[in-house]
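In: Structure for this input, please:
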Amino acid sequence: MLYIKHNEKDFGWGAVVNFHKTVKKDKYHQEETIAYTVEVLMNVCKEAAKSKDIFMISPPEQPNQGEMQVSVCCEKILIIFLHITKLPNKML
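Out: The predicted structure follows:
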């Protein structure tokens, strides 16, 4: 689960559907640039959901008036919280 917020657009929680890592190498300086693409199922405005432009996507005014859509997002991941539950000894 990711909490999606971009500037003033607050989408709330979304479910990670897929992600992948891309590594690009600079030919001249031998430097690597690592980028992560994350696909998230989130609630978006119905009108914006029809657009193929990800910059036009916006959250619905009312949560029950939106539409669930998978969208590519996460230019930067600032904080990652992991909640790891303690497993019973017999499961270890």
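
In: next structured bit after the helix or strand bottoming out on mean pLDDT in the chain?
Out: In the chain, no helix or strand scores lower on mean pLDDT, DSSP states H and E than helix 46-49, which sits at a mean of 77. Per DSSP states H and E, helix 46-49 leads on to strand 66-73 as the next helix or strand towards the C-terminus.

In: Return the mean pLDDT over that next one, rounded to an integer.
Out: In this model, strand 66-73 has a mean pLDDT of 80.

In: and it, how far from the chain's centre?
Out: How far strand 66-73 lies from its chain's middle: 9 Å, per CA atoms, centre = their mean, to the nearest Å.

In: Show me what the biggest strand by length in the chain is packed against.
Out: In the chain, taking DSSP state E as the definition, the longest strand is strand 9-25. With contacts defined as 3 or more CB pairs under 8 Å, 6 or more residues apart in numbering; DSSP states H and E, the packing partners of strand 9-25 are strand 2-6, strand 32-45. Glycine gets a C-beta too; all of them are placed from N, C-alpha and C.

In: I'd like those strands as a markdown table, with distance to residue 24 and mean neighbour count appended.
Out: As requested, those are exported to a markdown table (distance: least, CB to CB, whole Å; neighbours: other CB atoms under 10 Å):
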| stretch | distance to residue 24 | mean neighbour count |
| --- | --- | --- |
| strand 2-6 | 24 | 15 |
| strand 32-45 | 5 | 15 |
